[in-house]
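Visitor: Below are the sequence and a predicted model for it; my questions follow.
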Amino acid sequence: MKNDIPNISVVVLCYRSGETIASFVDPLAKSLDEHDKNWELVLVGNYVENSEDNTPAVVREIAERDDRIRAVTKVKEGMMGWDMRAGLEAARGKILAVIDGDGQMPWEDIVRGYKILREGNWDMVKTYREERGDGLWRKLISNVFNGLFTVLFPGSQCRDVNSKPKFMTREVYERMDLRSDDWFVDAEIMIQARRLKCKIGDFPVVFHQIDSRPSFVKPRAILEFIVNLLRYRLGEFRFWFKPAP
């Protein structure tokens, strides 16, 4: 199986998950096995240097159990965007998926999205959070951000920019040029998908609350979102008279 090209690579973002990541990975792997045995999991356990985070050791141990599971464990040079890009760069599949491994987005959504992309002949499939358990404040921030995104990038076919999992074909990924190191990477994916005129499908998911740790998204990230949206909007003008690659 090692030399085969996987039909799907699932990049699981595991930052500071520790031992809890096994309870996410094990049922996900079983679910994929029941649908298509030619899969790959890329567990991104990047870490802050000199921290006491045991996630790198945990994901490496999990990867030793199955040659379809790979671990990416690098000293962090950025935030979530850097981790996601590191995972996508390591993934080898024909279809690529990205999901957080903290359980807020259920592992069951991976096979759901995989089926939708294949059966619908989409370039990309993403989710939108129909139900949210993360509190009124986060819902408000999300609604404002999504509204601003829609105004600045009309026709983007995206009602919930930051929702995961996201799925895309290998061809679409290789036509993108993802550079975000921070929390803006989800929006960057959707902006580039809009630019490439991708055919995008979506489906609803339930977003759960996490009580075991505080959110990694700090107030400063809100300002970063807005600044990046405006910067990318201005940057899009240079593509007006260029054909899509």
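Guide: Everything's here; your move.

Visitor: Could you verify my assumption that Lys126 touches Ser156?
Guide: No - Lys126 is beyond contact range of Ser156, at 10.8 Å (criterion: CB atoms under 8 Å). To be clear about C-beta, it is placed using only N, CA and C from the backbone, and glycine gets the same treatment.

Visitor: Need the residues touching each of the two.
Guide: Met190 (CB atoms under 8 Å, 6 or more residues apart in numbering).

Visitor: Neighbour count: the two, which is higher?
Guide: Comparing Lys126 with Ser156 by other CB atoms under 10 Å, the one with more neighbours is Lys126, at 30 against 18.

Visitor: quick one: that one from Thr73, how far?
Guide: 27 Å (CB to CB, to the nearest Å).

Visitor: again, but for Trp39
Guide: 21 Å.

Visitor: Tell me, please, the helix or strand in the chain that averages the lowest pLDDT.
Guide: helix 219-236 (a mean of 82; mean pLDDT, DSSP states H and E).

Visitor: ok, residues contacting that one?
Guide: Applying CB under 8 Å, 6+ apart, the external contacts of helix 219-236 come out as 141, 145, 148-149, 152-153, 180, 182-184, 187-188, 191, 195.

Visitor: Go again with 10 Å.
Guide: Contact partners of helix 219-236, identified using CB atoms under 10 Å, 6 or more residues apart in numbering, comprise 79-80, 141, 144-145, 148-149, 151-153, 161-162, 180, 182-188, 191-192, 194-195, 215, 217-218.

Visitor: Pick out the residue nearest the middle of this protein.
Guide: Nearest to the geometric centre of the chain sits Val98, at 3.4 Å (CA atoms, centre = their mean).

Visitor: Find the residue closest to that residue in space, skipping its chain neighbours.
Guide: Computed as CB to CB, 6 or more residues apart in numbering, the closest residue to Val98 that is not its neighbour in sequence is Val11, at 4.7 Å.

Visitor: cool, Glu34 as well?
Guide: That would be Val111: by CB to CB, 6+ apart, it lies 8.0 Å from Glu34.

Visitor: Kindly report the same for Phe149.
Guide: Phe149's closest residue in space is Val161 (CB to CB, 6+ apart), at 5.2 Å.

Visitor: end-to-end on stretch 15-30?
Guide: 22 Å (CA to CA, to the nearest Å).

Visitor: what residues are up against the residue nearest to Glu34?
Guide: In this structure, Val111 makes contact with Ile8, Val10, Leu28, Ser31, Leu32, Glu34, His35, Asp36, Trp39, Ala97, judged by CB under 10 Å, 6+ apart.
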